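Chemist: give me coordinates for this.
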Amino acid sequence: MLSRVAENIYWIGRYLERAENTARLINVNSNLMLDLPKGIALGWEPMIRILGCEQAFAEKHDETTERRVVNFLISDEGYPGSILSTLGLARENARTIRDILPREAWEELNAFHQEVVETKQNSYARQGRHNYLIRIIRGMQQLTGLLAGTMNHDTAYHFLNMGRKLERADMTTRIINVKSENPIAEDATDLAPYQDTLWMSMLESLGAYQMYRQSMQVRINRIDVLTFLFRRTEFPRSFTFCIENIAYNLSCLPNNTEPLTIIRHIERVVQEASMAEMDNGVLHAFIDQLQICLGYLHGSITETYFPSLSEEAA
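Modeler: Coordinates of the predicted model:
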């Protein structure tokens, strides 16, 4: 397989997953603002920091209001990380390799991209935004299932799945990181019931609430939620599940020594972390460490399998 084709497929996986998880991230912040008591709110500025787009946002806006942040993250086609931009990039990559992808998948992606562009005005107000974002989440899941059910699970699929799972691992940590911006002090006993609300909303945003209850069989609490989302090997959105899946896909490819070495390091970091000691500051630092490791992993995959990209960057 040509490295450029492999790169396009890898980024299709990343872009589709990024669109879905950005939608999840916006929803979890919106839900938390509605669920928390009056006078306590996360605000929208943390969203910009969590996604690492402070400079891009500041170049266009001087205030982090709800409308400006939401429109920037959903429909600003001048920002490459917005939902509409990432869907457009996925569509363009798919268009250039239509002979590799199943025809049904290309037609579905093309039609879905057109739909979300034409209905983007539904995201402007709170009332329509939730349904618009849910449509994006379900549309991405439908497309993911279509690819899994109609595409040969060969080299191309390994790159697609590897890109998707790496993006999912990164974005799952970012969604968890919303909790590290917790506006409720840990010692505020009168607001203790709202601590559970925060963690329940976090699980629901990842489609994890029911699976958490089935697997952990305990009431929602900080330590068990973090353990489930970081270490549970059976849940497809947990960090460890994603990392192990990347390792499997790499094991099916040649020249995998360096990226697999990085994965083993990431696995050790997660397993050695003490979830019982994860206060807000420690959690934030832990997530920063994981995201740096994922950056190294992406760099290793790029240098190993997409050398043309490395040469152009140099």
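Chemist: could you pull up the residues touching Met47?
Modeler: By CB atoms under 8 Å, 6 or more residues apart in numbering, the contact set of Met47 is Leu25, Ile26, Asn29, Val69, Leu73, Val178. Placement of C-beta: from N, CA and C, glycine included.
Chemist: surely Tyr132 meets Ser123?
Modeler: Yes. Counting by CB atoms under 8 Å, Tyr132 does reach Ser123; the two are 4.6 Å apart.
Chemist: which one of the two has more residues nearby?
Modeler: Higher neighbour count among Tyr132 and Ser123: Ser123, with 24 against 21, using other CB atoms under 10 Å.
Chemist: what's the distance between that one and Ile74?
Modeler: 5 Å (CB to CB, to the nearest Å).
Chemist: re the thing from before, what sits in contact with each of Tyr132 and Ser123?
Modeler: Ile74.
Chemist: that older thread, mind checking which of the contacts of Met47 are in helices?
Modeler: Leu25, Ile26, Asn29, Val69, Leu73, Val178 (DSSP state H).
Chemist: tell me where the stretch 201-314 of the chain has helices.
Modeler: Ranges of helices in the stretch 201-314 of the chain, per DSSP state H, counting those that start in this stretch, are 209-216, 222-231, 239-251, 257-272, 280-305, 307-313.
Chemist: and the fifth one, what does it pack onto?
Modeler: Based on contacts counted as 3 or more CB pairs under 8 Å, 6 or more residues apart in numbering; DSSP states H and E, the elements that helix 280-305 packs against are helix 3-35, helix 155-179, helix 257-272, helix 307-313.
Chemist: what's the neighbour count on Ala125?
Modeler: Ala125: 11 neighbours (other CB under 10 Å).
Chemist: for Asp279, same thing?
Modeler: Neighbour tally, Asp279, other CB under 10 Å: 12.
Chemist: can you check what pLDDT the model gives it?
Modeler: At Asp279, the model reports a pLDDT of 85.
Chemist: and it, its phi and psi?
Modeler: Backbone torsions of Asp279, given as degrees, to the nearest 10, read phi -70, psi -180.
Chemist: distance-wise, check it relative to Asp288.
Modeler: 15 Å.
Chemist: try Ser3
Modeler: With distances taken as CB to CB, Ser3 is found 31 Å from Asp288.
Chemist: could you list the buried residues of stretch 214-226?
Modeler: Ser215, Ile220, Arg222, Asp224, Val225, Leu226 (16 or more other CB atoms under 10 Å).
Chemist: can you check stretch 154-163 too?
Modeler: For stretch 154-163, burial by neighbour count (16+ other CB under 10 Å) applies to Thr155, Ala156, Tyr157, His158, Phe159, Leu160, Asn161, Met162, Gly163.
Chemist: that's all I had, so thanks and see you.
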